[in-house]
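Chemist: pasting the structure only:
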């Protein structure tokens, strides 16, 4: 089993995007869901998909320690390769690992200048230069707007695109365009927004913003047992 | 010796390097009146702490061997094993934990939960050892015990709950508030030996109430009685709270946290009270042994001193008066003059002197009964052996022993040293199962193997000091391995006719890589093409090839050999002939199977102040390290990386010099991984040069 086969097997391609990357350089994508639905799992799968394409992924976590984040990757990779009946997964896993870098911060200690300093440390010494950044656990409150704008500049400078998880709340008001109020404040900054919506036993992957939002495309589900994205068919 | 096992506590003190374990032990011995003066680890008086009995330990300010000692507190006997804090000596920690019923996890109030604390905690989990935490060094600037409690919860997943809050912090630390009795405790006198209990100062009362509420919230999960009392707003007695906390502690569901500063003599006595009231007695712990006669069935031991003896030798030490064997008795009583058998080899042993140890001083006793730790003299055994009453064939579960990853050649400089070295090695290998030694047949050098650079360094130093052996050491060598990456077939005929009986054997089949096993042999020969009596010879022939790989001469692992065809001759085939045929077949297949070299990769965890994060990452990266991640924790930062062992020599010096001595690191073996092409070529060139020299 080659990387290509594993990529093809990954249902993310069903998202219906023509280009390889869903978002352009400097662009933002968001995965919205309530607590415990599977935001991190979805994000990690986006990251794994990029890793399999030999892209460098910087995973920034604001809640979990490095060990826990690696465990997410390990588990989801295991499930993914199992569902695709891949063999020699050990070698594949070893091959993608050097493309991943995990950084964890405390929520209160996270700032763009700090991240920039760390990134410069990494890129100047040729240790790691990210092509995709995923940010898990950033609170989308009133203060987020400024931070996100700064991050946008940083992403452009480093020619990367950034995926975020956005935690929504049950009681939150929904805007006419279907977006939760806390997110719609900053929605302009985002090119793509995907919502994970539990309906009965299933978790539906719904595009709120972006290319597929207009088309009728809600064929993806999140399997609650493996947290893998799967095709409805 | 008292038989009331409910009043015994066998505890260990485990922690990260430099968290103050030895200092804490020293204070415990002082307050329990076992010693009458305090000497600090790196003290100016040159005496060193009592527990660091080895000269080397005194010099380096570290604790290598876990000295066992005991003390009395109120009407309880506390046996203490002082455990080393460095990962290189982890087998010591593991062995100590095996015989302990409970532990004190010492944490630094500034450093918090550090990498080594995580390793130690995992070991405690493995052996299911209940623990209480002591946040030490609260007198140091930057001390924040509540941050450490949060780390205990977040990083180690403990249900940590404060049992005390400090009165003042850093230089102003003067005492603690006990949240159970709701009293302030101060420590007066030159050495804090006079405990003064008073009412809680006004300004801390609301804090104390709040924290007590948290404590009761957690504790009430473990006691219906307490929960009921809380709901009905009855008076909560101390006993009720303590009983609930103890219940949670014994099942590792609560970690009660105590606060103080051993060096400044604050908070040690309440900690001792907690050891007696919260940690388990031997009878609270379920100990299991394996019955060798009924297929290693699990047998639960009872703590009854009248039952047949089952005891475990957990540590050997060569003292001034001969070999000293530390043992823990799990069942029955081991008395002077009685006879037991060593279950491993069935040898009978007559018990001579029985002693109780206090660092390097000892005290003769008559017997050691169930639940106690003691030592025997002049017993011939290895560490990890089980002693039992003749007729019993119970063995305590075997301990996890990792394989060595680094080796070093040692060369004696004179004849006398040679004799001394062999004496020393004989003793060290018995004491420490992770330390191994052998003679290289080709170079005729004595090679020692162990778990890390420091591990071997300490043993070489001990040879010099304790055995007067004048030795030179070679460069440390990494235990590389060879393996194959693909499937290859072989079909080899061994034929020899040089007068006398000839030799004939044909072996055919294939070899392929196998994960998780070193060597698998499968016989699929049908129709007697290789007679059954020669199959074992074939296996032996293949096995012999594994010790020295044809590519670079390293050990071969991860290989599966399947034989499915062959031929024999009624006269000329012999065991020898098939062994030779197997060897030939192996070489034929191996060359085609894509042989590669694997090297040990270490998991390195470096802790550094954030300003040096970049340079530490650079250092790791230069050493072919793959950085897994960086964890930002305010002022400190933890970097986790996977680095080849061969690149880690001398890392501690480089790390220290490039971070102004503020960073530290620990490493442990993680996995074997294929070496990059350039390094493989380098190794091949090196080997070629070495062979030329010969």
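Modeler: Received the coordinates, thanks. On a predicted model such as this, the values are computed, not experimentally measured, just so you know.

Chemist: Residue B:33: neighbouring residues, count only.
Modeler: Using other CB atoms under 10 Å in any protein chain shown, residue B:33 is surrounded by 11 other residues. For every residue, glycine as well, the C-beta is placed using N, CA and C.

Chemist: can you pull the pLDDT of it?
Modeler: The model reports residue B:33 with a pLDDT of 73.

Chemist: What pLDDT is listed against residue B:45?
Modeler: Per-residue pLDDT puts residue B:45 at 54.

Chemist: If you could redo that for residue B:250, that was the one I meant.
Modeler: pLDDT, read off for residue B:250, is 89.

Chemist: Give the next helix or strand downstream of the helix or strand of chain B with the lowest mean pLDDT.
Modeler: Within chain B, no helix or strand scores below helix B:55-60, which has a mean of 52 by mean pLDDT, DSSP states H and E. For helix B:55-60, the following helix or strand on the C-terminal side (DSSP states H and E) is strand B:68-73.

Chemist: And residue B:245, how far from residue B:161?
Modeler: 8 Å (CB to CB, to the nearest Å).

Chemist: intersection of neighbour lists for the two?
Modeler: B:215, B:219, B:254, B:256 (CB atoms under 8 Å, 6 or more residues apart in numbering or on different chains).

Chemist: Which among these count as buried?
Modeler: B:215, B:219, B:254, B:256 (16 or more other CB atoms under 10 Å in any protein chain shown).

Chemist: Who are the contact partners of whichever residue of the stretch 251-400 of chain B sits closest to chain A?
Modeler: For the stretch 251-400 of chain B and chain A, the shortest gap (CB to the nearest CB) falls at residue B:255, measuring 18.1 Å. By CB under 8 Å, 6+ apart, the residues touching residue B:255 are B:105, B:131, B:132, B:133, B:152, B:158, B:159, B:160, B:161, B:249.

Chemist: any idea what the fifth one is structurally, helix, strand or coil?
Modeler: When states are read from DSSP: H, G, I helix; E, B strand; the rest coil, the local structure at residue B:152 comes out as helix.

Chemist: Can you name the residues that contact it?
Modeler: B:107, B:113, B:133, B:158, B:160, B:255, B:257.

Chemist: picking that back up, quick one: the contacts of residue B:255 as JSON lines, columns for secondary structure and distance to residue B:536 too.
Modeler: Shown next, in JSON lines, are the contacts of residue B:255 (DSSP: H, G, I helix; E, B strand; the rest coil; distance: CB to CB, whole Å):
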{"residue": "B:105", "secondary structure": "strand", "distance to residue B:536": "51"}
{"residue": "B:131", "secondary structure": "strand", "distance to residue B:536": "50"}
{"residue": "B:132", "secondary structure": "strand", "distance to residue B:536": "55"}
{"residue": "B:133", "secondary structure": "strand", "distance to residue B:536": "55"}
{"residue": "B:152", "secondary structure": "helix", "distance to residue B:536": "55"}
{"residue": "B:158", "secondary structure": "coil", "distance to residue B:536": "53"}
{"residue": "B:159", "secondary structure": "coil", "distance to residue B:536": "55"}
{"residue": "B:160", "secondary structure": "strand", "distance to residue B:536": "57"}
{"residue": "B:161", "secondary structure": "strand", "distance to residue B:536": "61"}
{"residue": "B:249", "secondary structure": "helix", "distance to residue B:536": "54"}
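
Chemist: Tell me the one of the residues you listed nearest residue B:463?
Modeler: When the contacts of residue B:255 are ranked by distance to residue B:463 (CB to CB), residue B:105 comes first, at 33.5 Å.

Chemist: The closest one: neighbour count?
Modeler: When counting by other CB under 10 Å, one arrives at 28 neighbours for residue B:105.

Chemist: Show me chain B divided up by domain.
Modeler: B:5-284, B:287-396, B:406-477, B:486-593, B:599-679 (automatic domain parsing).

Chemist: model confidence over the shortest one, on average?
Modeler: Mean pLDDT, domain B:406-477: 83.

Chemist: what residue is smack in the middle of chain A?
Modeler: Closest to where the C-alpha atoms of chain A average out (CA atoms, centre = their mean) is residue A:43, at 3.0 Å.

Chemist: Against chain B, how distant is that one?
Modeler: Residue A:43 is 16 Å from chain B, where distance means CB to the nearest CB, to the nearest Å.

Chemist: mind checking the backbone torsions on residue B:266?
Modeler: phi -120, psi 130 (degrees, to the nearest 10).

Chemist: now do the one 3 residues further on
Modeler: When quoted as degrees, to the nearest 10, the phi and psi of residue B:269 stand at phi -60, psi -40.

Chemist: show me what contacts it?
Modeler: Shown in contact with residue B:269 (CB under 8 Å, 6+ apart): B:31, B:187, B:195.

Chemist: try 10 Å
Modeler: By CB atoms under 10 Å, 6 or more residues apart in numbering or on different chains, residue B:269 lies in contact with B:27, B:28, B:31, B:32, B:73, B:185, B:187, B:192, B:193, B:194, B:195, B:260.
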